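Enquirer: okay, sequence plus prediction incoming.
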Amino acid sequence: MTDVDQLAVHLDAAATSRVAVPQLNAATGLDVPTAYRVQEAVVAHRLARGERLVGVKLGLTSRAKMAQMGVDEVIWGRLTDAMRIPDGGTIRLADHIHPKAEPEVAFLVECNAVTAVAPAIEVIDSRYVDFRFTLPEVVADNTSASGFVLGAWQPVPAGIDNSGVLLEVDGRVVQLGSTAAILGDPRRALPDAVRLAGACDLELPDGSVLLAGAATAAVPLRSGTHVRVTVERLGSASLRVAP
C-alpha cells in the first residue's frame, strides 16, 4: 500500500530544500486517486506553516498534452498565497529547483461563476529529477505548482476563445500560441475545476483564483532575465529573475 503521509513528507522536503528527488511510481505503485490524497497532504504541510489556500490550477488542458500522457481528462492542483508573485516582481532561482514559465489565463471566481479575467504567468517547478514524471507523480507533486503572476483583472471580453498569446524573454518572442489551446476555450476551465475539486471535497470559496492552463509550452527560467506574457484583449503580466 502507498504510504500517503510518507510520500507527502518526501515531496514537501524536496520543495523546501530545493533538491530534486527520483521518480516514485515504480517503487510505490502510486495511482491517480491516491496521488490526489498525497497532493492534499503535501499542501497541508504548507498550510500548517501559515499559508492560505487561494485557488486552483488546471493542467494537461491541451489535447496534445493529454495524448502525450495517455489521458483524456485534465488534472488539477492547489494554489496558496505564498505562491503569488506581484506583477513585475522578482524571483530567485535559488528558491526553486528547475523552474519554468508558462503563459496562462486566470479567472476570478465568485459563487462558482467567473467574474473577471487576467493574463497570467505560472511558474512550474517539478520536484522530480530532470523534470520527468508519470501522471500520478505529477498529481502528487501538486501538478508542479510553484508560483503565479496575475495581470490586471478585467471583465471577460468576447472572443477570448481564440486570442493570441505571446511569451517573451528579454523582449524576444520565444512562444507564440492561442487561448484555444486551453480546452478549446479557457472559459471551460471553471466547470472542470469545480467538478474535479468537488470530487476531493474541496469547494472554491469566493475570490478564488483559477489558472485555466497553459497556452504554449513552458520555457526554462534563466538568471537575470525578464519574462512577459501578453494575451490579446487582456494585456500583459511579467516577472524578473534575479541575476
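Expert: That came through, no problem. Here the structure is a predicted model, which means the values were calculated and not measured. Residues are numbered from 1 along each chain as shown.
Enquirer: every contact and neighbour count from this point should use C-alpha atoms.
Expert: OK.
Enquirer: buried residues in stretch 17-36?
Expert: Neighbour-count burial for stretch 17-36 flags 18, 20, 21, 23, 24, 30, 31, 32, 34, 35, 36 (criterion: 16 or more other C-alpha atoms under 10 Å).
Enquirer: let's have these in TSV, adding pLDDT.
Expert: Below are the buried residues of stretch 17-36 laid out as TSV (pLDDT from 0 to 100):
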residue	pLDDT
18	97
20	97
21	96
23	91
24	86
30	90
31	92
32	93
34	94
35	95
36	96
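Enquirer: quick one: which of those residues is nearest to residue 184?
Expert: residue 32 (24.5 Å; C-alpha to C-alpha).
Enquirer: now do the contacts for the closest one.
Expert: 135, 136, 139 (C-alpha atoms under 8 Å, 6 or more residues apart in numbering).
Enquirer: neighbours of the second one, how many?
Expert: When counting by other C-alpha atoms under 10 Å, one arrives at 21 neighbours for residue 136.
Enquirer: and it, that's in a helix?
Expert: Yes - using DSSP: H, G, I helix; E, B strand; the rest coil, the secondary structure at residue 136 is a helix.
Enquirer: so how far is residue 81 from it?
Expert: Using C-alpha to C-alpha, to the nearest Å, residue 136 is found at 25 Å from residue 81.
Enquirer: and what of the first one?
Expert: When C-alpha to C-alpha is the yardstick, residue 135 and residue 81 sit 25 Å from each other.
Enquirer: neighbour count winner among the two?
Expert: Legend: neighbour count by other C-alpha under 10 Å for residue 135 and residue 81, higher for residue 135 (18 against 15).
Enquirer: need the per-residue pLDDT for the more buried one.
Expert: Reading off the confidence values, residue 135 has pLDDT 92.
Enquirer: what's the answer for the one 5 residues further on, then?
Expert: In the predicted model, residue 140 carries a pLDDT score of 96.
Enquirer: what's the burial count for it?
Expert: Look at residue 140: counted by other C-alpha under 10 Å, it has 30 neighbours.
Enquirer: what does the one 5 residues further on give?
Expert: For residue 145, the number of neighbouring residues by other C-alpha under 10 Å comes to 26.
Enquirer: residue 225 against residue 172, yeah?
Expert: No - with contact defined as C-alpha atoms under 8 Å, residue 225 does not reach residue 172; the gap is 10.9 Å.
Enquirer: more neighbours: which of the two?
Expert: residue 225 (15 against 12).
Enquirer: what residues are up against the more buried one?
Expert: 169, 170, 240, 241, 242, 243.
Enquirer: and it, how close does it get to residue 238?
Expert: 11 Å.
Enquirer: do the same with residue 180
Expert: If you measure residue 180 against residue 238 using C-alpha to C-alpha, the figure is 21 Å.
Enquirer: picking that back up, so how do I select the buried members of the contacts of residue 225 in ChimeraX?
Expert: Per 16+ other C-alpha under 10 Å, the buried members of the contacts of residue 225 correspond to this ChimeraX selection:
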select :169,240,241
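Enquirer: let's have the contacts of residue 225 in a markdown table, adding distance to residue 56.
Expert: Formatted as a markdown table, these follow (distance: C-alpha to C-alpha, whole Å):
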| residue | distance to residue 56 |
| --- | --- |
| 169 | 26 |
| 170 | 29 |
| 240 | 23 |
| 241 | 24 |
| 242 | 27 |
| 243 | 30 |
